[in-house]
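[1] this one's sequence-less:
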């Protein structure tokens, strides 16, 4: 069963029955996301990975474990939809590409995110993980590259907090940019704690 809790029980069925998702539905795949009318933090990622799609559990891999370390939260907190809405740019695994997973479909978030967000009046912070989420939500405010956007995180507060993706594929980026875990992560943890109060 998918992790899915929303204010409108019909929304999940609408996503499943959308003709744009027919190929996934025919495979027996379910949309992978989590949300509640009480969610305090929205976490927008790229798209479910292969393991997340198979287990119907967002961020159920090494990337998710590192992300939870950055946020300084427990698994129980992370998977409590009354605390965190886990809302990727696409709710289905896009498949494998030459360098990691394929990108999320461009129009999915545009169609479904507003409908979900309309059901979450208590959101205090939106965390944008990776360039796809940042380009969509920050639009013209995004910097010339992800590094600049993440280093300029305080310009987007209090509404948004941009992060690099915690994928093992980005370990080189983290080594080249030690300031991220030294300077940015502690601020992130403090803001997350305040947002969950």
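    Looks like it arrived, so ask away. These figures come from a predicted structure and were not determined experimentally.
[2] what's the burial count for the residue lying closest to residue 105 once chain neighbours are set aside?
    Of all residues beyond its chain neighbours, the one nearest residue 105 is residue 90 (5.1 Å), with distances taken as CB to CB, 6 or more residues apart in numbering. No exception for glycine: its C-beta is placed from N, CA and C like everyone else's. Counted by other CB atoms under 10 Å, the residues lying close to residue 90 total 25.
[3] swap in residue 33?
    For residue 33, the neighbour count with other CB under 10 Å is 27.
[4] Residue 147 versus the closest residue to residue 39 other than its chain neighbours, what's the distance?
    Excluding the flanking residues, the one nearest residue 39 by CB to CB, 6+ apart is residue 85, at 3.8 Å. Using CB to CB, to the nearest Å, we find residue 85 at a distance of 27 Å from residue 147.
[5] More neighbours: which of those two?
    Remark: of residue 85 and residue 147, residue 85 carries more neighbours, 26 against 15, as counted by other CB under 10 Å.
[6] which ones are touching the more buried one?
    Under the criterion of CB atoms under 8 Å, 6 or more residues apart in numbering, the contact list for residue 85 reads 33, 34, 35, 36, 39, 41, 42, 43, 116, 120, 123.
[7] does the first one really touch residue 87, like I thought?
    Yes. In this structure, residue 33 sits in contact with residue 87. The criterion is CB atoms under 8 Å, and the distance is 5.4 Å.
[8] Name the residues contacting each of those two.
    Listed as contacting both residue 33 and residue 87 by CB under 8 Å, 6+ apart are residue 116.
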